[in-house]
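Peer 1: Kindly generate the corresponding structure for this input.
(one chain, ligands or ions: 1)
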Amino acid sequence: REQTDPILSLDKINVSFDGFKALTDLSLRIGVGELRCVIGPNGAGKTTLMDVITGKTRPKSGQVIYDQNIDLTRLDSVRIAQSGIGRKFQKPTVFEALTVFENLEIAQKTNKSVWACLRAKMNSEQRDRIDEMLVTLRLQGERHRTAGMLSHGQKQFLEIGMLLVQEPHLLLLDEPAAGMTDAETEYTAELFKSLAGKHSLMVVEHDMGFVETIADRVTVLHQGQVLAEGSLQEVQANEQVIEVYLGR
Ligand code: ADP
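Peer 2: Got it, this is the predicted structure:
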């Protein structure tokens, strides 16, 4: 895929925790419609990077420009979510006591309270959108099941669907394939590739097989800095990356 305008542009981000530098002069661009994988050893700063984008952590300095002109460092996390940035944490967080359909219904109307949501009538367009989403997630047969009864992988899919019904521009996903079966991982890869283009995705992942299947470009973080960037083949051939991963 060709490089496009950035949907997200981080410029010289610095984050410190009690003097410890978690991110140092980190600059990163994600193109519109791109599927970017971010890899790196534990403690590299991957979670902190996501926290900065979503407003959970404020950088000491630097800018995070979204959609050409919105500086996310000036917005709170609610505003950031409302501006079309969806985040999925590693562990699925669905409403276990509600059905699969109800989970998607609530996600679709995030501006209302849970109960107001369930009482409010849905229009047919909203219902159709959820029906389509159930097919995409391969959860058609589970629509009336309680989410707590789903397998781990199905909960992951449901949560991805809960993000998608909010029609985000940028999706941030933390180890989406963790704990999935091989078949589920394969379908997740297929799903992400089909989402790229319409959405921009940033995926933190340890499973290199998964990264190889999905990534347009890979960014390697190490000690709070970008160590390398390029295709997976390019970064895997990078001497510094080899050193970090193999400790040579
Ligand atoms: P990764 O997600 O790549 O494993 P993190 O972003 O979680 O890395 O962490 C980067 C570094 O910052 C680590 O050394 C971690 O211990 C430190 N760190 C992260 N969050 C905090 C915090 N709230 N307070 C102190 N140190 C933190």
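
Peer 1: residues contacting residue 97?
Peer 2: 146, 147, 148 (Cβ atoms under 8 Å, 6 or more residues apart in numbering). Every residue, glycine included, has its C-beta placed from N, CA and C.

Peer 1: need the residues of this protein near the ligand, please.
Peer 2: Counting by Cβ under 6 Å from any ligand atom, the chain comes close to the ligand at 17, 20, 22, 40, 42, 43, 44, 45, 46, 47, 48.

Peer 1: can I get the residues you listed in CSV with secondary structure and neighbour count?
Peer 2: Output for those, formatted as CSV (DSSP: H, G, I helix; E, B strand; the rest coil; neighbours: other Cβ atoms under 10 Å):
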residue, secondary structure, neighbour count
17, strand, 9
20, strand, 8
22, strand, 22
40, coil, 24
42, coil, 7
43, coil, 13
44, coil, 23
45, coil, 24
46, helix, 21
47, helix, 17
48, helix, 21
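
Peer 1: what would those residues look like in CSV with pLDDT?
Peer 2: CSV is the format used below for the residues of the chain next to the ligand (pLDDT from 0 to 100):
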residue, pLDDT
17, 96
20, 96
22, 98
40, 94
42, 92
43, 94
44, 96
45, 97
46, 97
47, 96
48, 97
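
Peer 1: right, and the helix or strand after the least confident helix or strand in the chain by mean pLDDT?
Peer 2: Of all helical and strand segments in the chain, the minimum by mean pLDDT, DSSP states H and E falls on helix 114-119, at a mean of 61. Scanning forward in sequence from helix 114-119 by DSSP states H and E, the next helix or strand is helix 124-136.

Peer 1: thinking again about what came up before, of the residues of the chain next to the ligand, which is the nearest to residue 211?
Peer 2: Of all the residues of the chain next to the ligand, residue 40 has the smallest distance to residue 211: 11.6 Å, by Cβ to Cβ.

Peer 1: Ramachandran angles for that closest one?
Peer 2: The phi/psi pair for residue 40 (degrees, to the nearest 10) reads phi 150, psi 150.

Peer 1: tell me which element the residue lying closest to it once chain neighbours are set aside falls in.
Peer 2: Spatial nearest neighbour of residue 40, chain neighbours left out: residue 221 (3.6 Å); criterion: Cβ to Cβ, 6 or more residues apart in numbering. Here residue 221, judged by DSSP H and E, is contained in strand 217-222.

Peer 1: Equivalent analysis for residue 25, please.
Peer 2: Going by DSSP H and E, residue 25 is part of strand 20-31.
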